[in-house]
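J.: what's the 3D shape of this:
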Amino acid sequence: MLGKFYYPALFETAEDGITVTFPDFDFIVTQGKDTKEAFEKAKEVLGIGIEDFMESKKKLPTPSDFMQIEHDLHSFVSIIEIDMDEWTRKYGEKSMRRNVTLPAWLNTLAEAEHINFSSLLQEALYQKLGLSAKKLDNKIKNI
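T.: This is a model prediction of the structure:
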């Protein structure tokens, strides 16, 4: 079980919506057209940030004291709670975009053969990791 996490988020309001940042994760930012959407997206991106730390085997930052986070009249601070077990079930099976680097000549040859890079990479990863559809289903259930 991954468990629940609680991190403060800074919500900055503007005429065109609300921008959300996380003081403890300098790379996480999102926005919403209104408060409801901003909170929903904040939870989603916090999960991405935590997952990134876990995959990189980095220690998660200690949550800042939300009372110490500076803000003005057009912003507010709120604690975002995320259940990573629930988040993983919801988002863990979605496809993720990955960039790969290939020599130009290899890319040209593959495109000439109409090779689907995503399918090929998935097949190669399944083979390399020794996964079958049944093993994968069990692996996901155990997350």
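
J.: So what touches stretch 75-92?
T.: 1-13, 22, 39, 42-44, 46-48, 50-51, 66, 69, 71, 140, 143 (CB atoms under 8 Å, 6 or more residues apart in numbering). Glycine gets a C-beta too; all of them are placed from N, C-alpha and C.

J.: Same check on stretch 29-38?
T.: 11, 16-22, 39-42, 44-45.

J.: redo that, cut-off 10 Å
T.: For stretch 29-38, the surrounding residues in contact (CB atoms under 10 Å, 6 or more residues apart in numbering) are 9-14, 16-22, 39-46, 48, 76, 78.

J.: which ones among those residues are found in strands?
T.: Using DSSP state E, the members of those that fall in strands are 9-14, 17-22, 76, 78.

J.: ok, how many other residues are close to residue 102?
T.: 11 (other CB atoms under 10 Å).

J.: Could you report the separation of it from residue 115?
T.: Look at residue 102 and residue 115: by CB to CB, to the nearest Å, they are 11 Å apart.
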